[in-house]
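> Quick one, fold the following:
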Amino acid sequence: MNKTNKDISFFFHPKSIAVVGASPVAGKLSNVIINSIKEIGFPGTLYPVNPKYKSIDGIECYRSVTDIKEDVDMAILCIPASSVLGAMEDVARKKAQGAIIVSAGFKEIGQEGAEIEDKLKKIAGETGIRIIGPNCLGIFDNISKVDTFFVLRERVRRPQAGGLTILSQSGSFAGTIMDELSAEGLGVARIINYGNRVDVGETDCLEYLAEDKSTNVVGLYMESVDDGKRFLEAAKMCARKKPVFAIKVGRHEAGMSAAKSHTGAIAGRYEIYSAAFKKAGLIEVKGYSEFLDACKVLSKQYPADGKRVLIVTDGGGMGASIADACGDFGLQVAEPSHEIKNRLASKLPAFCAVGNPIDLTGSVTDDDYAMVLKQGMAEYDAAIVMVLWGPPMLTDRLIKMLKAVSVSIKKPLQRMLLKGRGLKITKRSISIPLKTLKHSGEKLQKNWNGLSRGKRF
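Presented below is the predicted three-dimensional model:
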């Protein structure tokens, strides 16, 4: 009899967690997990489980999950693969709602491990217990304060709270992006790594996240898909409500082989995935740097309602180059109306160009940039601001002023600061690390199309 329960919400709001295989030994995976759960500030009850100990770090330790008198919402299994089935039977008898199996040594190592996974699937189907893993990090959740990642905080920093949620089949990708997002100062709601995906996968998560008010943007790392038809439906549903961007690895033979050895995933043809992403309304990114760029843009920028772009700069040549790049990729760099031109001309020196691009020249001030954007953006969907730091009247105050303008007009404002050699990021508040002008044109087209409602790249 199949009792599979579609609900996975308890993973993100558990009141109690049992750690099976708990250890007081510093550096052991289970000990790191216990400390991670404590350090994030989990408000519920934590139950260490290991017959070798009576207490761990001052908390009573139980011989088995079944010895715990209170209800257990979720169990985390940190034990050898050979012991997982027996432990899962105890978890089932305890009637826990779900389990996260961080242990490795399953399908990714061969037939013996695959057979254990088949039995885990059977347990999930017969009991209704939901399983994340095996061979995974589990959940980092800034909302419910759950952190099952067994990587030390001094090695992989945890990001602050925000509206971005990352789904990843790969644990190394999840850990790397977590550290990078923390370094960039980007806010995260949740990072979910499901590894070998014996039960819960990207489809379940997308269905949940579509209705999750804490998640505004979803990033998805895929090696393979769990259920193609259901995934497509879930992805469509989620993408209708919030931006969803995805990277598919295993696009070439070497990547497909790596994916199989690492999570046991059968990657499948890339072209099929790419077409499915497009059909579902997902934003496809290629490579880690593009994935990180999408995290930055979609986390920090307002959505655009169209393709009309206003370019504002203090260097006419750079403005013209950006206009060409925008034209190459389908963005509309239209002239402002006579009304806007007259209004701007009345407030700027006579030698400033008030077309599009708007050239504020070397006499520009911080206030000029703010005024032009506030006045001009009434007719545009997005702005690209190219600042050359040569003009003597510009100050470091400009960065905060531009950010404030973006908030006030509630439209995406792409800030690019030219300082020293080439284009580079000088503050965390800058949206995308554009390294060359050509690259910026490609990125702007993709990001603007992806941000435009009803348009996804």
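> hey, which helix is longest across the chain?
helix 111-127 (DSSP state H).
> Show me how far the following helix or strand past that helix is from its chain's centre.
Beyond helix 111-127 on the C-terminal side, the first helix or strand identified by DSSP states H and E is strand 130-132. When C-alpha coordinates are averaged (C-alpha atoms, centre = their mean, to the nearest Å), strand 130-132 and its chain have centres 21 Å apart.
> Next, please give the residue ranges for the helices of the stretch 151-300 of the chain.
Here the stretch 151-300 of the chain has its helices, by DSSP state H, counting those that start in this stretch, at 171-184, 202-210, 228-241, 253-263, 270-280, 288-300.
> Identify all contacting residues around the third one.
Contacting residues not belonging to helix 228-241 are listed as 202-204, 206-207, 209-210, 218, 225, 244, 276-277, 279-282, 456 [C-beta atoms under 8 Å, 6 or more residues apart in numbering]. Bear in mind the C-beta positions are built from the backbone N, C-alpha and C, glycine included.
> Now restrict these to buried residues only.
Buried members of the contacts of helix 228-241, counted by 16 or more other C-beta atoms under 10 Å: 202-204, 206-207, 209-210, 218, 225, 244, 276-277, 280-282, 456.
> Of those residues, which is the nearest to L85?
Relative to L85, the closest of these is D204; by C-beta to C-beta it sits at 22.2 Å.
> Point me to the residue sitting farthest from the middle of this structure.
A350 (46.2 Å; C-alpha atoms, centre = their mean).
> Tell me, what's the model's pLDDT at that residue?
We have a pLDDT of 93 for A350.
> before we move on, what about E115?
94.
> Run a quick neighbour tally on D314.
Counted by other C-beta atoms under 10 Å, the residues lying close to D314 total 27.
> for E70, that is, sorry about that
8.
> So which bits of stretch 306-326 are buried?
307-315, 318-319, 321-323, 325-326.
> For the nearest residue to R158 once chain neighbours are set aside, which residues are in contact?
Leaving out its chain neighbours, the residue that sits closest to R158 by C-beta to C-beta, 6 or more residues apart in numbering is S182, at 6.1 Å. By C-beta under 8 Å, 6+ apart, S182 lies in contact with R157, R158, P159, Q160.
> among these, which ones are buried?
Using 16+ other C-beta under 10 Å, the buried ones in the contacts of S182 are R158, P159.
> which one of the contacts of S182 is nearest D90?
R158 (30.7 Å).
> And that closest one, its phi and psi?
Here is the backbone geometry of R158 (degrees, to the nearest 10): phi -90, psi 130.
> Could you measure from it over to F140?
Going from R158 to F140 by C-beta to C-beta, to the nearest Å gives 7 Å.
> Overlap of the contact sets of these two?
I40, D147, M178.
> okay but the second one is in contact with R158, surely?
Put plainly, it is D147. Yes: using C-beta atoms under 8 Å, D147 is in contact with R158, at 7.0 Å.
> Now the common contact residues for these two.
Common contacts of D147 and R158 (C-beta under 8 Å, 6+ apart): I40, F140.
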